[in-house]
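>>> Curious how this folds, go ahead:
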Amino acid sequence: MDLEVSLAELQAEASCPVCLDYLTDPVTIECGHNFCGSCIHQRWEGLQDIFPCPVCLHHCPDRDFRRNPQLRHMTEMVKQIPTMRKKRKRQENPLCEQHKEDLILFCEKDLELLCPQCTDSSDHRGHPLMPIEEAAASHRMKLKSYLGPLREQMEDAEKGLKMQISKDFDLRWKMENRRSELYSEAEIFKHFWEKEQDAIHVSLLAEEKGIQEKVTEGKNQICNHSSILKSLLSEIISKCLQTDLDLLTGVESTHNRYENLETPAVFSYELKRASFTLPPHYFGLHNMMSTFQVDLSLDPETAHPSLSISRDRKSVTYRTVDGLHDHQAFTPSPAVLSSEGFAAGRHFWQVGIGGLGAWSLGVCKESFPRNALMSPTPRNGCWQIELLTSPFGTWDSVNLRRIGIFLDYELGEVSFYDLKNRSHLYTFSDSFAEKLMPYFSSTPSSKSLTMRIVREEC
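Predicted structure coming up:
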């Protein structure tokens, strides 16, 4: 008996776990298990990145395997043992519950295993039938074709999750920034709308909570979808490594799960504008901004060499240069004009200023001489105000200066407003006879001073 057991163990060592026959051209994979070279190649065909062992499911990093000549010689010797010449009995097919015969056929229409007698029943008459080996090979190929799309969907799901998380952070930042702006204005006009401050805060919290819940719901949906994709991917990989019968058993459920996948939509939002009661003079500025606001862009052809214009032509930054080359700049001082000019009507625009240094904003007539060694003043056709930013005037700070300029061409007025506290700064009164161009300038002593044209609701 001990000899028979030893011979059986020796026979098992010389057999392939996939085809259950003697090893042919045996190879050894990373985990140490041995297979026929053709069997492991067939099981790994179509897989990428992950190559599981059919026995222990160890994830091999690549298709690398080693030929095992010693095991090949041992297998040849085992075949020569008289008691072992009888071929191993292959895996027995399960029996049909109804007819008690081997399940050797597969119905392609109903995706069921059948015995010969099942084919005569009315339920499967006329249906396409295949031997289980052919059916398993066909469905294994089809299941493997799911792997690529599933991986792409997983990547899309991960990108969607990252985008949703980014939107979540963006929402928090915007809400904090909006709340800071509202609180700053609340301090200035506190005695006009103190009773409404709590209502505004509640409204913001309710809006934030509602959007946050939807964002969280979107994240959860994407996380769930990603988990389903990972689960289905793992199931299909495992399914492809099963025997033909195990692969085909329940294969309909796997097909249905793949074909019925639905990718959740990424939630998008738009913040509402809070409203509140303001003093009477505030409404004049509010109406001016909402009615006459224009969208400007900077003209790089008029920019001084020490000024850097952004790609969107909305911002200009002062930078130090070693030497000034020949350039048709607007003036010898660091200045630039807008591409748009106005010869009639009323127009309003906003400029945000960050950095440290002195700066000037206003309008000048189109015929103002280029490269003229003169200071821009109303006498020579340039109406501007000059102010100084504090060291705290950065783009991520509520201390950023924001100036509004209102041009009433027919009335002959250029007015300037501090939009942070909605206060009037200064008004030039004159008569205009030609096109006026918005004007932006900084002093050479400025340190990384940036001016940006902004277009926002008041």
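>>> quick one, strands of the stretch 351-458 of the chain?
In the stretch 351-458 of the chain, the strands defined using DSSP state E, counting those that start in this stretch lie at 382-389, 401-408, 413-418, 423-429, 436-442, 447-454.
>>> Just the buried residues of the shortest one, please?
Counting neighbours by 16 or more other C-beta atoms under 10 Å, one finds that the buried residues in strand 413-418 are 413, 414, 415, 416, 417. The C-beta positions use only the backbone N, C-alpha and C, and glycine is treated the same way.
>>> quick revisit: and the strands of the stretch 351-458 of the chain: which comes nearest residue 225?
Of all the strands of the stretch 351-458 of the chain, strand 447-454 sits nearest to residue 225, with 38.5 Å by C-beta to C-beta.
>>> roughly how far apart are residue 172 and residue 179?
From residue 172 across to residue 179, the span is 11 Å (C-beta to C-beta, to the nearest Å).
>>> rewinding a little: return the member of the buried residues of strand 413-418 nearest to residue 165.
Taking C-beta to C-beta as the measure, residue 165 lies nearest residue 417 of those, at 38.8 Å.
>>> Was I right to think the closest one contacts residue 403?
Yes - counting by C-beta atoms under 8 Å, residue 417 touches residue 403, with 7.0 Å between them.
>>> Overlap of the contact sets of the two?
Overlap of the contact sets of residue 417 and residue 403 (by C-beta atoms under 8 Å, 6 or more residues apart in numbering) consists of residue 425.
>>> which SSE is residue 264 in?
Using DSSP states H and E, residue 264 is not contained in any helix or strand.
>>> what's it in contact with, if anything?
160, 218, 221, 222, 225.
>>> Could you say which of the strands of the stretch 351-458 of the chain is packed most deeply?
Of those, the one with the most neighbours on average (mean count of other C-beta atoms under 10 Å) is strand 436-442, at a mean of 25.
>>> just checking, what packs against it?
Strand 436-442 is packed against strand 335-337, strand 346-365, strand 382-389, strand 447-454, with contacts defined by 3 or more C-beta pairs under 8 Å, 6 or more residues apart in numbering; DSSP states H and E.
>>> buried ones in stretch 118-125?
In terms of neighbour count (16+ other C-beta under 10 Å), stretch 118-125 has its buried residues at 118, 124.
>>> quick one: average confidence on that stretch?
The pLDDT scores in stretch 118-125 average 81.
>>> Just the terminal-to-terminal distance for that stretch.
9 Å (C-alpha to C-alpha, to the nearest Å).
>>> picking that back up, so for residue 112, which of the strands of the stretch 351-458 of the chain sits nearest?
The closest of these to residue 112 is strand 447-454. By C-beta to C-beta, the value is 67.5 Å.
>>> what angle separates that closest one from strand 436-442?
150 degrees (axes from the mean of the first three to the mean of the last three C-alpha atoms, to 10 degrees).
>>> Spell out which strands sit alongside strand 447-454 in the sheet and which way each one runs.
Looking at strand 447-454 with DSSP bridges, its partner strands are strand 315-318 (antiparallel), strand 346-365 (antiparallel).
>>> Quick one: closest of those to residue 35.
Comparing the strands paired with strand 447-454 by their distance to residue 35 (C-beta to C-beta), the top pick is strand 315-318, with 64.7 Å.
>>> Could you export the closest one as PDB, CA atoms only?
Listed next in PDB are the C-alpha coordinates belonging to strand 315-318 (Å, rounded to 0.1, in the frame of the first residue of the first chain):
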ATOM      1  CA  SER A 315      -3.100  90.200 -16.300                       C
ATOM      2  CA  VAL A 316       0.200  92.100 -16.400                       C
ATOM      3  CA  THR A 317       3.200  91.600 -14.100                       C
ATOM      4  CA  TYR A 318       6.100  93.900 -13.500                       C
END
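>>> give the contact list for the residue positioned nearest the centre of the chain.
In the chain, the C-alpha nearest the mean C-alpha coordinate belongs to residue 163, at 3.7 Å (C-alpha atoms, centre = their mean). Contacts for residue 163 (C-beta under 8 Å, 6+ apart) come out as residue 266.
>>> Apply 10 Å and report the result again.
For residue 163, the contacting residues are 218, 222, 266, 268, by C-beta atoms under 10 Å, 6 or more residues apart in numbering.
>>> Could you double-check that the second one sits in contact with residue 160?
Okay, so that is residue 222. Yes - between residue 222 and residue 160 there is a contact under C-beta atoms under 10 Å: 5.1 Å.
>>> Tell me where this protein has helices.
Secondary structure of the chain (DSSP state H): helices at 2-13, 37-44, 69-80, 132-188, 190-240, 244-248, 251-259, 280-292.
>>> Include distance to residue 24 and mean pLDDT when you put the ones you listed into JSON lines, please.
As requested, the helices of the chain are exported to JSON lines (distance: least, C-beta to C-beta, whole Å; pLDDT from 0 to 100):
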{"stretch": "helix 2-13", "distance to residue 24": "15", "mean pLDDT": "73"}
{"stretch": "helix 37-44", "distance to residue 24": "7", "mean pLDDT": "83"}
{"stretch": "helix 69-80", "distance to residue 24": "8", "mean pLDDT": "82"}
{"stretch": "helix 132-188", "distance to residue 24": "17", "mean pLDDT": "82"}
{"stretch": "helix 190-240", "distance to residue 24": "21", "mean pLDDT": "81"}
{"stretch": "helix 244-248", "distance to residue 24": "19", "mean pLDDT": "85"}
{"stretch": "helix 251-259", "distance to residue 24": "28", "mean pLDDT": "87"}
{"stretch": "helix 280-292", "distance to residue 24": "83", "mean pLDDT": "74"}
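>>> quick one on the thing from earlier: most neighbours among the contacts of residue 163, which one?
Highest neighbour count within the contacts of residue 163, by other C-beta atoms under 10 Å: residue 222, with 25 neighbours.
>>> and the residue lying closest to residue 219 once chain neighbours are set aside, how far is that from residue 238?
Nearest residue to residue 219, sequence neighbours excluded (C-beta to C-beta, 6 or more residues apart in numbering): residue 164, at 5.0 Å. Separation of residue 164 from residue 238 (C-beta to C-beta): 30 Å.
>>> Looking at these two now, which is surrounded by more residues?
A side-by-side neighbour count of residue 164 and residue 238, using other C-beta under 10 Å, places residue 164 first with 21 against 13.
>>> Contacts only, for that one.
Applying C-beta under 10 Å, 6+ apart, we find residue 164 in contact with 215, 216, 218, 219, 220, 221, 222, 223, 264, 266, 267, 268.
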